[in-house]
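Enquirer: Prediction below, plus the sequence it came from.
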Amino acid sequence: MEHLEKDLRDLAEALHAAAEQVDVQQKAKASMEDGSSSQDMEVRDKEIQKEMQEIHARVEDISA
């Protein structure tokens, strides 16, 4: 049972790291796109933050 819990913790950490990397990549891509207004970027940033919160919530459910 402890082995399973460790695997779940490791998985949760990996998912957190992957989600953070995706966030960084998406923000970088959005900032480099031509024609993006700052308002468009703010909207996309909010969408990304919402997606990140959903991912973190799922990871917490898995590790709980």
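Expert: Sure, I can see it.
Enquirer: for whatever helix or strand residue 6 lives in, the distance to its chain's centre please.
Expert: Residue 6 belongs to helix 2-32 when assigned by DSSP states H and E. Once both centres are worked out by Cα atoms, centre = their mean, to the nearest Å, helix 2-32 turns out to sit 6 Å from its chain's centre.
Enquirer: could you give me the average pLDDT of it?
Expert: Helix 2-32 shows a mean pLDDT of 83.
Enquirer: in that helix, what's buried?
Expert: 12, 15-16, 19, 23, 26, 30 (16 or more other Cβ atoms under 10 Å). C-beta: built from backbone N, CA, C; applies to glycine.
Enquirer: Mind giving me the packing neighbours of that helix?
Expert: helix 38-63 (3 or more Cβ pairs under 8 Å, 6 or more residues apart in numbering; DSSP states H and E).
Enquirer: The helix it packs on - what's its average pLDDT?
Expert: Mean predicted lDDT for helix 38-63 stands at 82.
Enquirer: That helix: how far from the chain's middle?
Expert: Centroid separation for helix 38-63 versus its chain: 6 Å, with Cα atoms, centre = their mean.
Enquirer: Now do the same contact list for residue 5.
Expert: Contacts for residue 5 (Cβ atoms under 8 Å, 6 or more residues apart in numbering) come out as none.
Enquirer: Okay, residue 13 and residue 60: tell me how far apart.
Expert: 12 Å (Cβ to Cβ, to the nearest Å).
Enquirer: Need the residues touching each of these two.
Expert: Joint contacts of residue 13 and residue 60 (Cβ under 8 Å, 6+ apart) do not exist.
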